[in-house]
Structure formats: structure tokens, C-alpha cells
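Trainee: Generate coordinates for the sequence data below:
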Amino acid sequence: MTIRPFLPACRFDLLFLRGRGLLSLLGLAGCLGSCLSSAKKEGLRNAAATHAASSLEEQEELTALEDRWAVSSRAERLAMRSDLESYISTYPQTRSRERADLMLAWIAIEEGRLGAARRQLEELAARAKGRVLDDVKVESARLYRKQGQPQQALNILEPMRGKYLSESSRLLAERELVLSALEAKQYSLAVDGMRDWLVEGRQVNAAAAGEVPGFLARVDLPTLLSIVRKKSAAEEEASRHPADDFLYRRLVEELAQRIILQEKPQEARELLAMAPSWLRAGQFGDELSLLAALAADEMQIAGRTIGIVVGAEGEVDNQRSIQFAMGLMRQLRTSRGKSQELTDVQAVRLIAQERRKSTTAALGVLSGLGASILVAGFSKEDANQASSYAKEQNIPVILLEEPDASLSDYAFLASLKSSAEREFLQRRFSDMQVVEGQGDCLSFQAEEQAHERLLHWKSEGISRIALLMDAPCAQRWLGDARALGFAPEVVLGLRTTPASAFGWKAYEIRSGSFPARRNAPLELKYSSDETQPLKRGANWYSALGRDVGVLAKGALKSLSGQDATDTAKVRQVHQQLRNSLLKVEADLITTSARGFAGSQILPRQLELKELHESSE
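Mentor: Here you go, the predicted structure:
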């Protein structure tokens, strides 16, 4: 009988074993062992072949996914989520799934599933090694940045700078470092990171080159200027990488655009002095040259000189500057008329510069011409520029409008704070509609809006309105109200003078001896004598011009009257004048206070007075 179980390589004839005894049994055992060993080997070969086929299929599928990922857009990568999850479900135990897990973590971050991304990355970090672990670190940094923690991202990425990474990992890490540094406002680090990112062998990386200009737009102007200074001063190296030239040119171009946009004359002059010749010959050359010309000379002291910026963007603001300048000039002319004993050195000189490109540029011209006390800011925008100039240059600047930011050490506010009149009235009346002049109040659109509001208030039975605006605008509102048969009580603000409220029950806000009416002090009544400080009915800005002239002149008395060009001496004089402005005292019109009294805001105590026809 021949036995053929599962041992295909063995045959045994049992009859042959009869009578052979123990020796025959031992032979049988050896033969069986040999047959079993052969079967096991064949089974292992079959299993290995099956596994190899499976592994090859798995690798081919993963490679296809990675190839798709490498050339896909963001939207296409997001759409790969289901394919990647299917791959992991099919091959849950494979080590290659780390690559798929990493791609899924990227998708989770982009989709805003940050908690899921965090869990995936933590699991990956526990089992990943080598380059996969480096990629996990980069994605973890990206997750921190997306969570608003750019410094934590930098803590991961900075130690990786210079480490040997795969090309794709290096580019991703360098881009992420730039973004994290920008968000952490570490602008110098961001620019250094851009340089690393741009380097690709001896070439400039095209993808990085496309994004760097947009990233440079997020770097602040002082950092741009500082970096360009250093790079311009550095000696050119023969072995310099093309990425250095590319980045330097983009830095200079971005700085030029920013200087032109923000109208910075001093910075324009400095850039033209240190930048290469191609900048002057290029698209920004003419504008930079024009802007640099406005910087005039370096700040200097030319005797006792006040500088004023006249003109403004809007018609109303422009009129304010003219009215103020007239009051200031009248006061200085009055002083000279009464003080013939003053020598030319002792006299106070006034110089004016028209606001063209910007208030900053005009102030630069005035300080270059020797003005040591500057006056500017008849609108919110101009006040912001003037306040910044005072802070940057440490020169006394008197503002006529409150800036958005708090006053720097060298900025003084001669007018009211923006909310002063409104807050004063709100403490006195609870049922008042307040109208504050904004923009061009004489435009057709403003007139339509005023008409609609007056109609609404009339239908609502409003009994009292306050007009806190310039006189022409207030007169327009009163005329429209009279035409509508709407006759509420009217409160006129300080800027409303000399608008007439004849025929109305009216009140006026007063500060000091302003506004001047028929019963005003003798020195404020109308006079044809141009040595008088003000005429009756003078408006708020001409009165302010008079008061600023008195205070500035008093502060300038502390100067010797001699010229100075040395930078240290000029700074010393500006410091001296700042201190003098804080302490100077004089009789003023627009306030009962006698000066700034140690503050940078001229104090005022507002009052409310009822108007009668006899006082009109």
C-alpha cells in the first residue's frame, strides 16, 4: 500500500517494513521527517511569494498616492482624504502607513480639525524615526502656528536650520519658519529664513521667489530699512549666492514702495544715498527723488522760528488752517508792533509750508529750514502724522486736532479733545441730539443726510439739538431746520462761532473769554486797528492761532536767538523748548488757564451760556 497524504515528495511501501524490526521503524521516522521538512519549506516559499505580491501592491499604491500629492494643489490634496483613509484601512499594519498618516495630518490642519491633527501627530511622533520624524516636527510647528502660537513653532523649527533633510522637507520647514517668524513679529529672523528658503543648489528656488515679495510686504518699515542699511554697507563677495542678489533687490524695491506710500522724506533721501544706481534709474527713482527733496536739510535752529503747515485735504480743514494761520500771524505782528525795542535776533519769525505730499514731508521741510516749534494737524489724519513726527524727531509740535494715539513727549494739543464738548453736554442734558461735523458737511450728500435727520427729529418731537461743527455747516443746518418749520432749542459749539442763531432759543459753549460777543471784554471787540489781537466774532481757529502764538513766543524767549546746526545742540534746544512750553504762562482767550501747566494738553473749563438777541 502506498501512502500519499500531504507529503508529495515521499513514497513508502509498508510491506517492505515487515520483519525488519526497530531498524526499519527508525528508517521510517527519518523518512517522514525529511518529507515534513520539505513540505514546510514549500509552504514558506508560497507564503513569502504571497506576502511579496501584497507588499508590492501596497508600495505601488502608496507611491501613486505620494506622486499625486506632490503635484496637487491645496484643494486637490484635501480631496485625497478618502483615498488615504482607504489605504490605511486596507493596510493597517504596514510601516509605510506613516507617510499616509502624515498626509492626513496635513489635511486635518488645513480643514481646521486641529484636535484630530494633534492626536495624529503625537501618535506618529511616538513611532516615527529618521526623516519621517523630521516631517512630523515640521507639521507640528505648522499646527502651532495655525493655533496662534508662532513662538512655539519657532522653538521647533530653529533647531532644524542647517540639518540635513530631504529636499521637500527642507523647503517646507524653511517656508514654515518664515511664516512663523512673521506672525511672531521677528522680522529679521523672517528675512534670514527667506534667504535660506530661496537657495536651491546654485540657483534661486522658483516657488520661494514667487512668494517672497508678498512676505516682505509684512515686514515693518524700520526692519526693512535696517536690513537694507546692513546689506548695502557689506562688501560684495565674489562667491555670493544668486539668492542674496534676488533678496536684496526685492528688499530695496519693497522699502522704496513703502517709503513712497507712507511719504517719508528723510528715509527716501537715505535710501537713495545707499541704494545701487538701478534704483534711481528704475520705476521708483523719480518719486523717491521728489520725496527726498522735501526733506530739505538736516534739522537746524534758525533763531526764534515757528513753522506752520498750511493747507489740508478737505475744504473745511483747509479753511481751518488758513484761519489759524491768520490769527497766529496777527499775534506775532502785534508783538512786533508793541516791542520795537526787539532786535532782529530777538524777534520771532514765522515760516509756512504748504501741505502737498503729506504733513510729515512739510514738517521735514520746516525743521530743515530752522523752525524749532512746529504747528500742524487740522484733521485727524494730519494730527496722526504730526504726532508721529514729534515722536520720531524729538521736536516740539503743537497739534490742533487730537490724534488717535496718545501724545508722545514732544506733542502738545492746543485744541479740545475730540469728545470734550459732547461729554460736557451729556452731563448737562439727557434728551439732546448731538451733531458733530465730519468730513465735507457742505456736500450734496451731507445736505441730504441732514435733511433726513431733521425731518426724523421733528416727527419724534425732539426739543433740543447741539451743533458741534464749523460755522458754515451749522448755518446750513439752521437754515434747513427753519425751512422745515422745526424750531428746537439749539446749542452752538465752540467751532460754530460766528454762526448766528438769531430768532432761536439758543445756548453757546464757552471756554475762557471765547466766543467774543457784544458784551465781550474791550480788547476783543471789533477794531480796525490791526494791532488788536482779534476782531469781534473771530472764529475758534483764529482765536487758537492767537493763543498758540502767545505761548510759542513765550517759550522761544528762553532761546539765545542764535543759529545752530550741530545735531547735539539742535536736540538740546528742542528739549529746552519742550520744557519751556510746559511752563510758559500768558493771558489766553480760548481758556481760563494761563498755559499748559505741566501737561501736554491745554486745560479748559467749559461753560454753557444762554444767548439773547442783544448778544448776537
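Trainee: So which residues of the stretch 501-616 of the chain form strands?
Mentor: If DSSP state E, counting those that start in this stretch is used as the criterion, the strands of the stretch 501-616 of the chain fall at 506-511, 606-611.
Trainee: For those strands, give me CSV that also has mean pLDDT, mean neighbour count and distance to Ala268.
Mentor: Any C-beta I mention is one placed from the backbone N, CA and C, and that applies to glycine too. Below are those laid out as CSV (pLDDT from 0 to 100; neighbours: other CB atoms under 10 Å; distance: least, CB to CB, whole Å):
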stretch, mean pLDDT, mean neighbour count, distance to Ala268
strand 506-511, 91, 22, 41
strand 606-611, 90, 14, 43
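Trainee: Quick one, which of those strands gets closest to Gln576.
Mentor: Between Gln576 and the strands of the stretch 501-616 of the chain, the tightest spacing by CB to CB is seen for strand 506-511, at 29.5 Å.
Trainee: contacting residues around that closest one?
Mentor: 416, 421, 424-425, 489-494, 496-497, 501, 515, 590-592, 604-611 (CB atoms under 8 Å, 6 or more residues apart in numbering).
Trainee: Could you rerun that using 7 Å?
Mentor: Residues from elsewhere that reach strand 506-511 (CB atoms under 7 Å, 6 or more residues apart in numbering): 421, 424, 490-494, 515, 590-591, 604, 606-611.
Trainee: cool, and stretch 140-151?
Mentor: If you take CB under 7 Å, 6+ apart as the criterion, stretch 140-151 is touched by 109, 114, 117-118, 121, 152-153, 156-157, 176, 179-180, 183-184.
Trainee: Give me the pLDDT value at the spatially most central residue of the chain.
Mentor: When CA atoms, centre = their mean is applied to the chain, the residue found nearest the centroid is Asp220 (7.9 Å). pLDDT for Asp220: 93.
Trainee: same question, the one 4 residues further on
Mentor: In the predicted model, Leu224 carries a pLDDT score of 94.
Trainee: how near is it to Leu124?
Mentor: For Leu224, the distance to Leu124 (CB to CB, to the nearest Å) stands at 39 Å.
Trainee: Likewise for Thr591?
Mentor: According to CB to CB, Thr591 stands 70 Å off from Leu124.
Trainee: ditto for Gly598
Mentor: Separation of Gly598 from Leu124 (CB to CB): 64 Å.
Trainee: returning to that earlier point: can I get the strands of the stretch 501-616 of the chain in a markdown table with distance to Phe246?
Mentor: As requested, these are arranged in a markdown table below (distance: least, CB to CB, whole Å):
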| stretch | distance to Phe246 |
| --- | --- |
| strand 506-511 | 60 |
| strand 606-611 | 60 |
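Trainee: Surely Gln120 touches Leu102?
Mentor: No: using CB atoms under 7 Å, Gln120 makes no contact with Leu102, being 8.3 Å away.
Trainee: So which residues of the stretch 451-600 of the chain form helices?
Mentor: 471-483, 540-556, 567-583 (DSSP state H, counting those that start in this stretch).
Trainee: Ranking these by mean neighbour count, which comes first?
Mentor: Of all the helices of the stretch 451-600 of the chain, helix 540-556 has the most neighbours on average by mean count of other CB atoms under 10 Å, namely a mean of 25.
Trainee: Give the other helices and strands that that one contacts.
Mentor: In terms of contacts (3 or more CB pairs under 7 Å, 6 or more residues apart in numbering; DSSP states H and E), helix 540-556 is packed against helix 315-338, strand 373-376, helix 567-583.
Trainee: do that again at 10 Å, thanks
Mentor: Applying 3 or more CB pairs under 10 Å, 6 or more residues apart in numbering; DSSP states H and E, we find helix 540-556 packed against strand 304-310, helix 315-338, strand 348-354, strand 373-376, strand 397-399, strand 411-413, helix 567-583.
Trainee: from the chain's centre, how far out does stretch 195-213 sit?
Mentor: Centroid separation between stretch 195-213 and its chain, computed with CA atoms, centre = their mean, to the nearest Å, is 26 Å.
Trainee: What mean pLDDT does it get?
Mentor: Per-residue scores along stretch 195-213 average to 90.
Trainee: and that stretch, which residues are buried?
Mentor: For stretch 195-213, a neighbour-count test (16 or more other CB atoms under 10 Å) marks Arg195, Asp196, Trp197, Leu198, Val199, Glu200, Val204, Asn205, Ala208, Ala209, Glu211, Val212 as buried.
Trainee: with these in mind, which one is nearest to Glu460?
Mentor: For the buried residues of stretch 195-213, the nearest to Glu460 is Glu211 (56.5 Å; CB to CB).
Trainee: For that closest one, pull up the helix or strand it's in.
Mentor: Taking DSSP states H and E as the definition, one finds Glu211 inside helix 206-216.
Trainee: got the contact list for that helix?
Mentor: Here helix 206-216 makes contact (CB atoms under 10 Å, 6 or more residues apart in numbering) with 171, 174-175, 178-179, 181-182, 187, 190-191, 193-200, 203-205, 224, 227, 243, 246-247, 250-251, 253-255, 257-258.
Trainee: Let's see stretch 458-476 as PDB, backbone CA atoms only.
Mentor: Taking Å, rounded to 0.1, in the frame of the first residue of the first chain, the C-alpha atoms of stretch 458-476 are listed here in PDB:
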ATOM      1  CA  LYS A 458     -39.200 116.900  14.100                       C
ATOM      2  CA  SER A 459     -41.500 113.800  13.800                       C
ATOM      3  CA  GLU A 460     -40.100 112.500  17.100                       C
ATOM      4  CA  GLY A 461     -40.700 115.700  18.900                       C
ATOM      5  CA  ILE A 462     -37.000 116.400  19.700                       C
ATOM      6  CA  SER A 463     -36.800 119.600  21.600                       C
ATOM      7  CA  ARG A 464     -33.000 120.300  21.700                       C
ATOM      8  CA  ILE A 465     -30.100 119.800  19.300                       C
ATOM      9  CA  ALA A 466     -26.400 120.600  19.600                       C
ATOM     10  CA  LEU A 467     -24.300 121.600  16.500                       C
ATOM     11  CA  LEU A 468     -20.600 120.900  17.100                       C
ATOM     12  CA  MET A 469     -19.200 121.900  13.800                       C
ATOM     13  CA  ASP A 470     -17.700 124.700  11.800                       C
ATOM     14  CA  ALA A 471     -19.800 127.900  11.200                       C
ATOM     15  CA  PRO A 472     -20.800 127.300   7.500                       C
ATOM     16  CA  CYS A 473     -22.000 123.800   8.300                       C
ATOM     17  CA  ALA A 474     -24.000 125.000  11.400                       C
ATOM     18  CA  GLN A 475     -25.600 127.800   9.300                       C
ATOM     19  CA  ARG A 476     -26.700 125.200   6.800                       C
END
